[in-house]
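# give me a model of this one.
(chains A and B)
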Amino acid sequence: MSSFYFSITQNFLIAFGVVIGASLFSGLGAIITDNPPFKVMTDVAGSIKIWAIAASLGGTFSSFAMIEKGLFEGEIKTLIKQAFYILISLTGANVGYEFIRLLQRCGAIWGK
Amino acid sequence: MKAKDAKYKNATCYKFSICFIAGLLWGTVIGSLSISVLVGYRMDAFHEKIAYLEHTIADKDEKLSKLEKSINNADVVLKDIYIILEFNNLSVEQIDQIDNIEIEKAIKEKYASSLGKEIKSLDADILVQVIDKRILKLNSSEYQLTVKKLVLSDILKLWVEVSSLEVTS
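Numbering: from 1, shown residues only, chains lettered A, B, ... in the order given. Here you go, the predicted structure:
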């Protein structure tokens, strides 16, 4: 498997895991502190998305450095690669968010 | 040989205890997460209900306090007049029901202008004087009215003694 595929898989799953993990544990925290768990979970999932992308890219600075290199030194391939990584991370974070929303919807269906 | 066996036993015991602790911790984490996901919706629903009820209570409290204020500030006005007639020297059979109604009607007419007025502005003595010792002529009979008792609140209650007068002409 090439490093590119490895990277995109890692980026997707890290972003996904950050959102899911943070949301699930924040839900547990909400139960302990007597707050509505699903509301807290969706709020956290929504607000943590951008940090999940940053975490999956391994810190934003290297990505910015690559983008700068691509823009000013004419390495278009690196630029496209970085853009693709960001896009994949974004997708992973959003899938994680939708996963939490799906849990909420399931609860609404079964709770009725 | 025995030392080797003891060492093996210790290693196995260590392995099991580590696995047990890891399993316990992971089980706790997974279990609590599962429970939080399973009961989450119900807890959310309860929180929503609590918020709704709190809002309703706050709304009702506000309404109640405003109503209480308006009750305290509003001047009490005369809303109704009750007349209780006590017929003097007349038996129950002798009391003409139509006259009874007519007397009541006549008395109420006298006090009609007082209705809707503030109670503070009404004088109980003057109210008594309006009908006290007054002679009412109804068709073929005359009645003298005497105010026995008066209660003045938002409802004016009058206990009136009615004495039948003999018509001379």
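# only C-alpha atoms for contact and neighbour calcs from this point on.
OK.
# so where's the longest helix in chain B?
As assigned by DSSP state H, the longest helix anywhere in chain B is helix B:2-73.
# to clarify, my last question referred to chain A.
Ranked by residue count and defined by DSSP H, the top helix of chain A is helix A:76-111.
# returning to that earlier point: what's whichever helix or strand comes after the longest helix of chain B packed up against?
Going down the chain from helix B:2-73, the next helix or strand is strand B:80-88, by DSSP states H and E. Packing partners of strand B:80-88 (3 or more C-alpha pairs under 8 Å, 6 or more residues apart in numbering or on different chains; DSSP states H and E): helix B:97-111, strand B:155-165.
# what's the angle from the longest helix of chain A to helix B:2-73?
70 degrees (axes from the mean of the first three to the mean of the last three C-alpha atoms, to 10 degrees).
# buried residues, helix A:76-111. List them.
Going by neighbour count (16 or more other C-alpha atoms under 10 Å in any protein chain shown), the buried part of helix A:76-111 is A:78-79, A:81-82, A:85-101, A:103-104, A:107.
# please see if it touches chain B.
Yes - counting by C-alpha under 8 Å from any C-alpha of the partner chain, chain B has neighbours in helix A:76-111: A:Leu103, A:Gln104, A:Gly107, A:Ala108, A:Gly111.
# of these, which is the nearest to chain B?
Nearest to chain B among these: A:Gly107, at 5.2 Å, using C-alpha to the nearest C-alpha.
# how about that closest one, nearest residue that isn't a chain neighbour?
B:Tyr41 (5.2 Å; C-alpha to C-alpha, 6 or more residues apart in numbering or on different chains).
# contacting residues for that neighbour?
B:Tyr41 makes contact with A:Pro37, A:Phe38, A:Gln104, A:Gly107, A:Ala108, A:Gly111 under the criterion C-alpha atoms under 8 Å, 6 or more residues apart in numbering or on different chains.
# let's see 10 Å
With contact taken as C-alpha atoms under 10 Å, 6 or more residues apart in numbering or on different chains, B:Tyr41 is in contact with A:36-39, A:103-111, B:47.
# with pLDDT and distance to A:Trp51 added, can I get the residues you listed in CSV?
Listed next are the contacts of B:Tyr41 as CSV, based on pLDDT from 0 to 100; distance: C-alpha to C-alpha, whole Å:
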residue, pLDDT, distance to A:Trp51
A:Pro36, 88, 23
A:Pro37, 90, 21
A:Phe38, 89, 20
A:Lys39, 86, 19
A:Leu103, 86, 22
A:Gln104, 83, 22
A:Arg105, 84, 25
A:Cys106, 85, 26
A:Gly107, 80, 27
A:Ala108, 77, 28
A:Ile109, 80, 31
A:Trp110, 75, 32
A:Gly111, 67, 32
B:His47, 85, 29
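# which one of these is nearest to B:Tyr111?
Distance to B:Tyr111 across the contacts of B:Tyr41 (C-alpha to C-alpha) is lowest for B:His47, with 58.4 Å.
# verify the stated contact: that closest one with A:Ala30.
No - B:His47 lies out of contact with A:Ala30 (C-alpha atoms under 10 Å); the separation is 11.7 Å.
# between those two, which contacts overlap?
Taking C-alpha under 10 Å, 6+ apart as the contact criterion, the common neighbours of B:His47 and A:Ala30 are A:Pro36, A:Pro37.
# looking at the two, which one has more neighbours?
Legend: neighbour count by other C-alpha atoms under 10 Å in any protein chain shown for B:His47 and A:Ala30, higher for A:Ala30 (19 against 16).
# show the pLDDT at the more buried one.
Note for A:Ala30: predicted pLDDT of 92.
# over to the one 10 residues further on?
According to the predicted model, the pLDDT of A:Val40 comes to 90.
# look up how far A:Ile48 lies from it.
Distance of A:Val40 to A:Ile48, computed by C-alpha to C-alpha, to the nearest Å: 12 Å.
# which residues do these two both contact?
Taking C-alpha under 10 Å, 6+ apart as the contact rule, A:Val40 and A:Ile48 both touch A:Ser23.
# how does chain B divide into domains?
With domains defined by automatic domain parsing, chain B comprises B:1-74, B:80-165.
# any chance of those domains in TSV, with distance to A:Ile14 too?
Converted to TSV, those look like this (distance: least, C-alpha to C-alpha, whole Å):
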stretch	distance to A:Ile14
domain B:1-74	19
domain B:80-165	77
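# return the most buried member of those domains.
Of all these, domain B:80-165 has the most neighbours on average by mean count of other C-alpha atoms under 10 Å in any protein chain shown, namely a mean of 15.
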